[in-house]
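Engineer: everything below, folded, please.
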Amino acid sequence: MPTNEQRRATAKRKLERQLEHRAERERKRRQYTIIGSAVGGVLVVAAVVATIVLVNRDSGTETASASTSTTETSSPFDVPPPAEAGTLPEFVAPEGLGGNCQYPEAEPASKPNNAPRTGKVPTEPAQVSASMETDQGNIGLQLDNGKSPCTVNSFASLAQQGYFANTPCHRLTTSDSLGVLQCGDPTGEGTGGPGYQFDNEYPTDQYQPDDPKLGEPVVYPRGTLAMANAGPGTNGSQFFLVYKDSQLPPQYTVFGTIDETGLETLDKIAEAGVDGGGPDGAPKLPVTVKNIQLD
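Structural biologist: Now for the predicted structure:
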């Protein structure tokens, strides 16, 4: 029969293992990058597509959402999106738009910066011009301040502080249903952020929180600029540029559009493909954001 001391030692080891497992799960959750692509030969209906989750860059394991029965280790390539998807909803200004922007602290910032101003932010002008200079060409942006003012407020603040200067675009997706270039992470690993988070805006704010349509893909059209996230209320600095019509749940804040010159730059990057082949990973043609400036 074990002694009291042996029982205490066993219990201590069990507790330590539980804490280690919990910490590992939390580490993986934080390290999920942002947009889960979906390609493959398995036919599923829209009802089983719940959310899009992210890619664990440390392990190299692709992780995606799907039905409520999908585990965090399932692959996005196992669960393709429906063959058809709806369109982004028509914008109707929600009550209090831009009236109380909040940016609570999150993990330590990947690059020094000051959080943007909180509270009420302007929604005019409705459009704010910006220029994203990369070593592969310039990308002109129109920031949609009239639809997503809290997001534009954060993006503009980071840009003006030089947060995006000399940072990589770490992820290119080239699947049939998803074509995006993801940038905004100083670490280049898909895990970094500015040290704060904030809530989704358009198109998420066009739905009730419990609306099942939030889990059904819609088309983010070519030329869309949107925020990457790891779930509701986790927007930070990472964003993605859509170079071809892409299917995603309406849970990624659209905050601007890309001009024709920018789309030509993105097409060149996409044409070169993914480093090492495949539909998802670091772009074969390395892309560095030299700077983002408001015009």
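Engineer: ok, which stretches of the stretch 51-200 of the chain are strands?
Structural biologist: 55-56, 61-62, 86-87, 127-134, 137-144, 167-168, 171-174, 179-183 (DSSP state E, counting those that start in this stretch).
Engineer: export these as TSV, with columns for distance to P209.
Structural biologist: For the C-beta atoms, the positions are set from N, CA and C on the backbone; glycine is no exception. Below are the strands of the stretch 51-200 of the chain laid out as TSV (distance: least, Cβ to Cβ, whole Å):
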stretch	distance to P209
strand 55-56	26
strand 61-62	28
strand 86-87	19
strand 127-134	28
strand 137-144	22
strand 167-168	33
strand 171-174	28
strand 179-183	25
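Engineer: can you say which of those is nearest to P194?
Structural biologist: Taking Cβ to Cβ, strand 167-168 is the member of the strands of the stretch 51-200 of the chain nearest to P194, at 11.5 Å.
Engineer: chain center to stretch 163-170: distance?
Structural biologist: 15 Å (Cα atoms, centre = their mean, to the nearest Å).
Engineer: can I get the CA coordinates of it in PDB?
Structural biologist: What follows is stretch 163-170, C-alpha atoms only, in PDB (Å, rounded to 0.1, in the frame of the first residue of the first chain):
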ATOM      1  CA  TYR A 163       4.900  49.400 -36.800                       C
ATOM      2  CA  PHE A 164       4.600  47.800 -40.200                       C
ATOM      3  CA  ALA A 165       8.000  49.000 -41.500                       C
ATOM      4  CA  ASN A 166      10.300  46.200 -42.600                       C
ATOM      5  CA  THR A 167       7.900  43.400 -41.700                       C
ATOM      6  CA  PRO A 168       7.300  40.300 -43.800                       C
ATOM      7  CA  CYS A 169       4.100  39.100 -45.400                       C
ATOM      8  CA  HIS A 170       4.400  35.600 -44.000                       C
END
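Engineer: what lies in contact with that stretch?
Structural biologist: Stretch 163-170 is contacted by residues 33, 111, 113, 132, 134, 158, 181-186, 188-190, 194, 237, 269, 282-283, 286-292 when judged by Cβ atoms under 8 Å, 6 or more residues apart in numbering.
Engineer: restricted to buried residues, select those in ChimeraX.
Structural biologist: This is how ChimeraX selects the buried members of those, with burial counted by 16 or more other Cβ atoms under 10 Å:
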select :33,111,113,132,134,158,181,182,183,184,185,186,188,190,194,237,269,282,283,286,287,289,292
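Engineer: point out the ones among the contacts of stretch 163-170 that are inside helices.
Structural biologist: In this view, the contacts of stretch 163-170 that belong to helices under DSSP state H are 158, 269.
Engineer: rewinding a little: for P217, which of the strands of the stretch 51-200 of the chain is the nearest?
Structural biologist: Closest among those, using Cβ to Cβ: strand 86-87, at 7.7 Å.
Engineer: show me the contact partners of the closest one.
Structural biologist: Residues contacting strand 86-87 (Cβ under 8 Å, 6+ apart): 213, 216-219.
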